[in-house]
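*Asks:* quick check, what structure comes out for this input:
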Amino acid sequence: MAKDWPFPDIPTRAVAAVLESLDASWPEPTNLTPASIHLEGQDRTFLVAVIALQDAGWLMCEALLAGTGQEPCIIDAVLTAKGRTELARLRGER
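*Replies:* Have a look, this model is predicted:
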């Protein structure tokens with residue numbers, strides 16, 4: 001999986017945590033914070049991972065809130081069809 005990892009400059013643990021949480025809640029939208037996916041105190045890493053996944057078209061959300069509370073929060077996030085397809089490919093499910 002590391003060879004095909006599409007986010008080489010982003011901490012793998014953060015991207016994986018976001019993807020796992022969204023996959024587990026799919027198709028229902030969910031709110032995520034660093035603490036909710038076991039990245040307590042890693043606000044910047046969380047934001048970098050979420051923004052990279054958005055830019056790649058793997059997730060969409062209603063809003064990304066940063067600097068408005070104790071930690072950043074992504075509101076009503078879901079994996080896109082592309083995100084689900086690419087995640088399945090990375091897992092070797094295709």
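
*Asks:* quick one, what contacts the residue nearest to the spatial centre of the chain?
*Replies:* Of all residues in the chain, the one closest to the mean position by CA atoms, centre = their mean is Val18, 3.2 Å from it. Shown in contact with Val18 (CB atoms under 8 Å, 6 or more residues apart in numbering): Leu32, Ile37, Phe46, Ala49, Val50, Leu53, Leu59. Every C-beta, even on glycine, is put in place using the N, C-alpha and C of the backbone.

*Asks:* as CSV, these with pLDDT would be great.
*Replies:* Output for the contacts of Val18, formatted as CSV (pLDDT from 0 to 100):
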residue, pLDDT
Leu32, 97
Ile37, 96
Phe46, 96
Ala49, 95
Val50, 96
Leu53, 96
Leu59, 96
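
*Asks:* filter the residues you listed down to the ones in helices?
*Replies:* With helices identified by DSSP state H, the entries of the contacts of Val18 that belong to them are Phe46, Ala49, Val50, Leu53.

*Asks:* out of those, which are buried?
*Replies:* Buried members of the ones in helices among the contacts of Val18, counted by 16 or more other CB atoms under 10 Å: Phe46, Ala49, Val50, Leu53.

*Asks:* state the mean pLDDT of the top strand by length along the chain.
*Replies:* Among the elements of type strand in the chain, defined by DSSP state E, the one spanning the most residues is strand 73-79. Strand 73-79 shows a mean pLDDT of 97.

*Asks:* check which helices and strands the following helix or strand past that strand is in contact with.
*Replies:* The element immediately downstream of strand 73-79 (helix or strand, assigned by DSSP states H and E) is helix 81-91. Counting contacts by 3 or more CB pairs under 8 Å, 6 or more residues apart in numbering; DSSP states H and E, the secondary-structure elements packed against helix 81-91 are helix 12-25.
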